[in-house]
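Chemist: Would you be able to build a 3D model of this:
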Amino acid sequence: MLEIAPTSFFSTLPPEQIATLTAALPSIPYNSPVILFHEGDPGEHCYIVLEGQIAIIKALGTPDERLVAVRSAGEFVGEMSLLGEDGLRTASARVQADVRLLAVSRADFAMLLEQHPQLAYAMLRVLSTRLRSSHDATVRDLHERNARLAQAYAELQAAQAHLIEKEALERELGVAREIQQSMLPHTLPQLAGYDLGGLMVPAREVAGDFFDVIALAPGRLGLVVADVCGKGVPAALFMALTRALLRGEVAHGAALRPGTAAPRHGRSAGSIGARAL
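Modeler: Numbering: from 1, shown residues only. Okay, here's the model as predicted:
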């Protein structure tokens with residue numbers, strides 16, 4: 001004789017009635033991982049688990065697949081399709097460990113509840129517990145989804161802010177590069193006996209390195225090659241400042257000598273740069 005676990009809702013019946021029922025109902029074995037039924041299928045049977053385990057799954061085979069519960073010996077599965085008006089399965093059932101089931105048809109189910117009203121109360125208690133557990137699981141799932149969405153939104157905002165900052169910096173560097181290139185000599189003064197040429201390739205989009213050729217007097221040129229510490233916009237601005245100071249001195253008739261002009265302009269540029277930058 002097949003035995004039903006004490007947790008079964010049949011446990012409210014006397015042993016002899018349980019024996020009669022188990023003898024009358026068909027016992028069916030299933031091996032893992034058979035799908036007992038799919039969500040949305042019409043259902044004509046519910047099942048009592050005699051041994052083994054059955055996984056109850058929502059949205060089986062989709063990205064939203066979620067394990068609802070695992071039913072073990074003494075529990076029933078598939079009852080909702082017999083209680084609902086549409087008669088459809090509300091979830092999928094997959095054999096998780098080899099099982100043996102008692103199959104209860106719709107007609108047998110109705111007869112059992114009619115002949116043994118206490119079974120209806122037992123089933124109601126189980127369904128109430130399952131409903132509460134399902135509700136709690138749904139709430140937890142929503143909280144987790146909301147947390148993931150909030151995190152994704154925060155990351156998206158941070159990425160957008162970073163992108164905006166990067167685009168602004170690229171525009172700024174582009175403008176600074178144009179300014180820097182415009183400050184370099186496009187044509188060089190000619191000096192008899194010399195071929196002059198110059199090319200600057202910045203280490204970054206904007207750097208502080210520069211060169212200049214300044215006409216000092218007939219037959220005399222001043223060659224300036226400088227490497228400003230640092231890179232980027234501040235270095236380029238410091239380069240422009242230094243170049244302006246050098247050319248300003250020449251314009252005012254000052255004599256440029258490397259040993260004196262460089263330290264003097266370094267102090268002037270450093271003083272202005274410290275205040276401005």
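Chemist: CA only for contacts and neighbour counts going forward, please
Modeler: Noted.
Chemist: and after whichever strand or helix holds M123, which helix or strand comes next?
Modeler: Per DSSP states H and E: M123 is located in helix 117-183. Next along the chain after helix 117-183, taking DSSP H and E as the criterion, comes strand 210-217.
Chemist: Quick check: buried residues in that following strand?
Modeler: F210, F211, D212, V213, I214, A215, L216 (16 or more other CA atoms under 10 Å).
Chemist: For the first one, which residues are in contact?
Modeler: Taking CA atoms under 8 Å, 6 or more residues apart in numbering as the criterion, F210 is in contact with L184, M200, V224, V225, A226, D227, M239.
Chemist: Can you spell out which residues form a bridge with it?
Modeler: A226 (DSSP bridges).
Chemist: Distance check, it against M200.
Modeler: To M200, F210 is 7 Å away according to CA to CA, to the nearest Å.
Chemist: just the fifth one next, same as before
Modeler: Counting by CA to CA, the gap from I214 to M200 is 17 Å.
Chemist: Same question for the third one.
Modeler: Spatial separation of D212 from M200 under the definition CA to CA is 11 Å.
Chemist: Same check on the second one?
Modeler: The span separating F211 from M200 equals 8 Å under the rule CA to CA.
Chemist: what does A73 give?
Modeler: Per CA to CA, A73 is found 83 Å from M200.
Chemist: again, but for Q115
Modeler: 99 Å.
Chemist: Quick one: residues contacting the nearest residue to S81 once chain neighbours are set aside.
Modeler: Nearest in space to S81, with sequence neighbours left out and distances taken as CA to CA, 6 or more residues apart in numbering, is G87 at 4.3 Å. G87 sits next to P42, G43, E44, M80, S81 when contact means CA under 8 Å, 6+ apart.
Chemist: Drop anything exposed from those.
Modeler: Neighbour counting with 16+ other CA under 10 Å marks G43, E44, M80, S81 as buried within the contacts of G87.
Chemist: picking up where we left off before, quick one: pLDDT of the residue nearest to S81?
Modeler: pLDDT recorded at G87 is 90.
Chemist: what's the domain layout of the protein?
Modeler: 9-140, 184-276 (automatic domain parsing).
Chemist: if you average pLDDT over each of the ones you listed, which comes out lowest?
Modeler: domain 184-276 (a mean of 71).
Chemist: Kindly provide the distance from the most far-flung residue of the chain relative to its centre to L191.
Modeler: Computed with CA atoms, centre = their mean, the maximum C-alpha offset from the centroid of the chain is found at P218, amounting to 68.8 Å. Separation of P218 from L191 (CA to CA) stands at 9 Å.
Chemist: can you check N31 too?
Modeler: Using CA to CA, N31 is found at 98 Å from L191.
Chemist: What of Y121?
Modeler: 111 Å.
Chemist: can you pull the alpha-carbon coordinates of stretch 131-150 into PDB?
Modeler: The C-alpha trace of stretch 131-150 is given here as PDB (Å, rounded to 0.1, in the frame of the first residue of the first chain):
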ATOM      1  CA  LEU A 131      -0.500  32.900  -0.900                       C
ATOM      2  CA  ARG A 132       1.200  34.800   1.900                       C
ATOM      3  CA  SER A 133       4.500  33.300   1.000                       C
ATOM      4  CA  SER A 134       4.000  34.100  -2.700                       C
ATOM      5  CA  HIS A 135       3.000  37.700  -1.800                       C
ATOM      6  CA  ASP A 136       6.100  38.100   0.400                       C
ATOM      7  CA  ALA A 137       8.300  36.700  -2.400                       C
ATOM      8  CA  THR A 138       6.800  39.100  -4.900                       C
ATOM      9  CA  VAL A 139       7.400  42.100  -2.600                       C
ATOM     10  CA  ARG A 140      11.000  41.000  -2.100                       C
ATOM     11  CA  ASP A 141      11.400  40.600  -5.900                       C
ATOM     12  CA  LEU A 142      10.000  44.000  -6.500                       C
ATOM     13  CA  HIS A 143      12.300  45.500  -3.900                       C
ATOM     14  CA  GLU A 144      15.300  43.800  -5.500                       C
ATOM     15  CA  ARG A 145      14.300  45.000  -9.000                       C
ATOM     16  CA  ASN A 146      13.800  48.500  -7.700                       C
ATOM     17  CA  ALA A 147      17.200  48.500  -6.100                       C
ATOM     18  CA  ARG A 148      18.800  47.200  -9.300                       C
ATOM     19  CA  LEU A 149      16.900  49.900 -11.300                       C
ATOM     20  CA  ALA A 150      18.000  52.600  -8.900                       C
END
